[in-house]
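Q: Take this sequence and fold it.
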Amino acid sequence: MKRLLPVAALSILTLAGCANTAPYSGDVYRGNQAQTGQSVSYGTIVAVRPVQIQADSRTGNLLGGGGGAVIGGLLGSQIGGGSGRQLATVAGALGGAVAGTAAEDRANRVNALEMEIRRDDGTDVVVVQSADRQFQAGQRVRLIGSGANLSVAPY
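A: Model (predicted):
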């Protein structure tokens with residue numbers, strides 16, 4: 001059983017990073033955006049700064065927290081005997097759940113850019129999207145869509 005613990009830990013942490021981060025890219029459209037008209041405006045990037053997007057977990061942190069609790073509980077059960085072993089098992093499970101949730105949250109972060117853009121009409125807008133392209137201040141860009149469905153593309 002002691003050989004199984006490292007394999008189980010690695011499997012759970014690998015699965016914990018399975019958030020779908022593609023929607024944060026300016027190059028990915030959701031199904032409901034296909035074959036619909038999108039408004040386009042033009043502007044110039046005023047400022048760019050690196051940020052991170054915390055992607056939602058597909059499992060609601062069940063894999064990280066639940067898997068961490070199982071592994072922590074198994075490790076805790078290897079300590080002591082009697083009521084001490086029970087306390088160590090509970091403490092291991094709680095600590096493992098916290099550590100597993102934190103690991104899953106870290107794995108679900110996406111590097112992104114926050115871009116402040118001055119539209120040609122003089123209004124400013126800030127858009128955050130995945131840092132899968134390089135953008136820089138002074139660059140001309142296209143703003144595609146509107147409201148919550150606004151992405152930035154090179155001009």
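Q: Residue 75 belongs to a helix?
A: Yes. Membership of residue 75 in a helix is supported by DSSP: H, G, I helix; E, B strand; the rest coil.
Q: Tell me how many other residues crowd it.
A: The local packing of residue 75 (other CB atoms under 10 Å) involves 18 other residues. Any C-beta I mention is one placed from the backbone N, CA and C, and that applies to glycine too.
Q: okay, and for the protein, where does confidence drop off?
A: Scanning the chain for pLDDT under 70 picks out 1-35, 56-70, 72-73, 76, 80, 89-90, 92-93, 96-108.
Q: Please, where are all the helices along it?
A: Secondary structure of the chain by DSSP state H: the helices cover 4-16, 67-76, 83-107.
Q: Please name the bridge partners of residue 145.
A: residue 150 (DSSP bridges).
Q: do you know how far residue 148 is from residue 95?
A: To residue 95, residue 148 is 38 Å away according to CB to CB, to the nearest Å.
Q: Next: residue 135.
A: 41 Å.
Q: before we move on, back to that, ok, residue 148 and residue 95, which is more surrounded?
A: Counting neighbours by other CB under 10 Å for residue 148 and for residue 95 shows that residue 95 has the greater number, 16 against 5.
Q: Could you report the separation of the more buried one from residue 141?
A: From residue 95 to residue 141 the distance is 47 Å (CB to CB).
Q: do the same with residue 36
A: Counting by CB to CB - residue 36 and residue 141 are separated by 21 Å.
Q: Which of those two has more residues huddled nearby?
A: Neighbour count, other CB under 10 Å: between residue 36 and residue 141, residue 141 has more, with 21 against 9.
Q: quick one: contacts for residue 144?
A: 26, 38-40, 150-153 (CB atoms under 8 Å, 6 or more residues apart in numbering).
Q: among those, which two are most distant?
A: Greatest spatial distance in those: 26 and 39, 15.2 Å, computed using CB to CB.
Q: the more surrounded of these two?
A: residue 26 (22 against 11).
Q: Could you name the helices and strands sitting against the longest strand along the chain?
A: When secondary structure is assigned using DSSP state E, the longest strand within the chain turns out to be strand 40-54. Judged by 3 or more CB pairs under 8 Å, 6 or more residues apart in numbering; DSSP states H and E, strand 40-54 is in contact with strand 109-119, strand 124-130, strand 140-146.
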